[in-house]
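Trainee: sequence first, predicted coordinates after that:
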Amino acid sequence: MALRRTRFARGVVFSLCLGLWSPAGALAQSPEHVAAAKATLEKSPVRGNCAPAQEDFLGWPASLVQRCEYQHEAMPGLAYVLDIKPETLARWVEAGCSALMVGAGHCFDRTLKCALDSTGASFVIGGNLIAARSGVKQNRFYRNGVAIVAPKSGMPGAVPIQEQEQIAHIPEKDVSAMLDRGGVALWNTMPYQFAVKALEIAVPAEMNTPDRREKWLEIVRVEMLKALESPENRLLSGWMSAHPITLRAGECPDSRDP
């Protein structure tokens, strides 16, 4: 395979591969970045007692799903999480920073921190991601990385694991409402932010009907499965594109920050 070295502004040098490439090798992997991604994933609050799923989980292959039970102080939690490898997370962030944040030296580390702050660096396919809101720890239930309305969601106190198991298995079509306007882990990407990067997809503008909610959850599932085999995660790219000023300032944005 032929290689050509091309010099761009600011003295940045890229190696452009002319020929075929594989997703895993599309971008040079920095060992330091992989180690940082691994450390971030290990800080996830749901990564307690985890085991591979025994069967496919609501459209997600069993080989990609971990069933995790954990304890958050006096509150037990159960979550089926997407098993994102450190190399994959590092690749996504490297691609986003290279494409959208050239010259922002803190981009990689800050993007990892934002994932940890936003969703505990966890993509919960189904189940409970216990989190503090206004200083109060709450049960927050998810489907395909999106916080949903469910029994006990947004409430403090212990929920029995058996009850959490039932909530975790709510099908996409039966999600009655979404929290946070349908924002998606790991960075709380809004649907309209993703839509800018996926013009070929009819992304619902609002999540106010069962059909629109089901469609959005299906889009997220398909997109995340594709991202696992791709050098880019368009959910991350959409989020980064929506917040260039805040990210270049070294801060983690909320959904309305520039």
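Mentor: Thanks, I have the structure now. Numbers count the residues shown, from 1 in each chain.

Trainee: can you count the residues close to Ala51?
Mentor: When counting by other C-beta atoms under 10 Å, one arrives at 9 neighbours for Ala51. For every residue, glycine as well, the C-beta is placed using N, CA and C.

Trainee: checking it next. Helix, strand or coil?
Mentor: Following DSSP: H, G, I helix; E, B strand; the rest coil, the label given to Ala51 is strand.

Trainee: just name the shakiest helix or strand of the protein by mean pLDDT.
Mentor: Counting by mean pLDDT, DSSP states H and E, the chain has its least confident helix or strand at strand 13-18, which shows a mean of 32.

Trainee: show me what the helix or strand just after that strand is packed up against.
Mentor: Moving toward the C-terminus from strand 13-18, the next helix or strand (DSSP states H and E) is helix 31-42. Packing contacts for helix 31-42, counted by 3 or more C-beta pairs under 8 Å, 6 or more residues apart in numbering; DSSP states H and E, involve helix 86-100, helix 107-119.

Trainee: can I get those in CSV with mean neighbour count and distance to Ala150?
Mentor: Formatted as CSV, the helices and strands packed on helix 31-42 follow (neighbours: other C-beta atoms under 10 Å; distance: least, C-beta to C-beta, whole Å):
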stretch, mean neighbour count, distance to Ala150
helix 86-100, 21, 27
helix 107-119, 21, 17
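
Trainee: need those in CSV with distance to Glu165 and mean pLDDT, can you?
Mentor: Below are the helices and strands packed on helix 31-42 laid out as CSV (distance: least, C-beta to C-beta, whole Å; pLDDT from 0 to 100):
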stretch, distance to Glu165, mean pLDDT
helix 86-100, 27, 97
helix 107-119, 21, 96
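
Trainee: nearest to Cys68 among these would be which one?
Mentor: Of all the helices and strands packed on helix 31-42, helix 107-119 sits nearest to Cys68, with 14.0 Å by C-beta to C-beta.

Trainee: name every strand pairing with the helix or strand that the closest one is followed by and say which way it goes.
Mentor: For helix 107-119, the following helix or strand on the C-terminal side (DSSP H and E) is strand 124-128. Paired neighbours of strand 124-128 in the sheet (DSSP bridges): strand 75-82 (antiparallel), strand 141-143 (antiparallel).

Trainee: any idea which helix is longest in this protein?
Mentor: Counting residues, the longest helix found in the chain (DSSP state H) is helix 210-227.

Trainee: any stretches of the stretch 1-150 of the chain with poor pLDDT?
Mentor: Along the stretch 1-150 of the chain, segments meeting pLDDT under 70 span 1-28.

Trainee: got the contact list for Ala74?
Mentor: Taking C-beta atoms under 8 Å, 6 or more residues apart in numbering as the contact definition, Ala74 lies against Ala158.

Trainee: next one: Asp109
Mentor: Ala36 are the contacts of Asp109 under C-beta under 8 Å, 6+ apart.

Trainee: and it, how close does it get to Ala99?
Mentor: Asp109 sits 17 Å away from Ala99, taking C-beta to C-beta, to the nearest Å as the criterion.

Trainee: can you give me how far the longest helix of the chain is from the chain middle?
Mentor: 13 Å (C-alpha atoms, centre = their mean, to the nearest Å).

Trainee: what's downstream of that helix, the next helix or strand?
Mentor: helix 234-242.

Trainee: need the residues that contact that following helix.
Mentor: By C-beta under 8 Å, 6+ apart, helix 234-242 touches 92-93, 95-97, 99-101, 111, 184, 186-190, 193-198, 220, 223-224, 227, 247, 253.

Trainee: switch to 6 Å and redo it
Mentor: For helix 234-242, contacts defined as C-beta atoms under 6 Å, 6 or more residues apart in numbering pick out 92, 96, 100, 184, 187, 189, 193-194, 196-198.
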